[in-house]
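Q: What shape does this take:
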Amino acid sequence: MRLTSKGQITIPQQVRQELGLEPGDEVDVVVRDGVATIVPATGPTGRGRRMVEALLGRGDVELSTDQIMALTRGEDG
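A: This is a model prediction of the structure:
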């Protein structure tokens, strides 16, 4: 396999078949001891997951859910 200038590779058909991958499926790349392994993604995937992971533990304001909802609705309170 050859890595493109965008960092992309084509997963060979035999590997896709063995993993049961179809077009549009999400995969994870797991790196352990310098070896990358491609595995079918489990759980939430994609951009949303990356955003949540980046934000986890970064909040510094203690508000209740009701207070947050009031703020998003523009309610004074």
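Q: Show me where this protein has its helices.
A: Using DSSP state H, the helices of the chain run over 13-19, 46-55, 65-73.
Q: Could you dump those into JSON lines and include mean pLDDT?
A: Shown next, in JSON lines, are the helices of the chain (pLDDT from 0 to 100):
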{"stretch": "helix 13-19", "mean pLDDT": "91"}
{"stretch": "helix 46-55", "mean pLDDT": "79"}
{"stretch": "helix 65-73", "mean pLDDT": "91"}
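Q: who wins for proximity to residue 33 among those helices?
A: Nearest of the helices of the chain to residue 33, taken as C-beta to C-beta: helix 13-19 at 20.8 Å. The way it works is simple: take the backbone N, C-alpha and C, and place the C-beta from them, glycine included.
Q: Give me the contact list for the closest one.
A: Helix 13-19 is contacted from outside by 21, 22, 27, 38, 39, 40, using C-beta atoms under 8 Å, 6 or more residues apart in numbering.
Q: again with stretch 41-54
A: Contacts for stretch 41-54 (C-beta under 8 Å, 6+ apart): 25, 26, 27, 28.
Q: try it again with 7 Å
A: Applying C-beta atoms under 7 Å, 6 or more residues apart in numbering, the contact partners of stretch 41-54 are 26, 27, 28.
Q: returning to what we had before: ok, which of the helices of the chain comes nearest residue 34?
A: helix 13-19 (20.0 Å).
Q: Going by neighbour count, which of the contacts of stretch 41-54 are buried?
A: Among the contacts of stretch 41-54, not one is classed as buried by 16 or more other C-beta atoms under 10 Å.
Q: Out of the residues you listed, the closest to residue 66 would be?
A: Lowest distance from residue 66 to the contacts of stretch 41-54 (C-beta to C-beta) belongs to residue 26, with 34.7 Å.
Q: Relative to residue 15, how far out is the closest one?
A: Distance, residue 26 to residue 15, using C-beta to C-beta, to the nearest Å: 16 Å.
Q: Same question for residue 29.
A: 13 Å.
Q: thinking again about what came up before, could you export the helices of the chain as a markdown table, including mean neighbour count and distance to residue 33?
A: Output for the helices of the chain, formatted as a markdown table (neighbours: other C-beta atoms under 10 Å; distance: least, C-beta to C-beta, whole Å):
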| stretch | mean neighbour count | distance to residue 33 |
| --- | --- | --- |
| helix 13-19 | 11 | 21 |
| helix 46-55 | 10 | 23 |
| helix 65-73 | 10 | 42 |
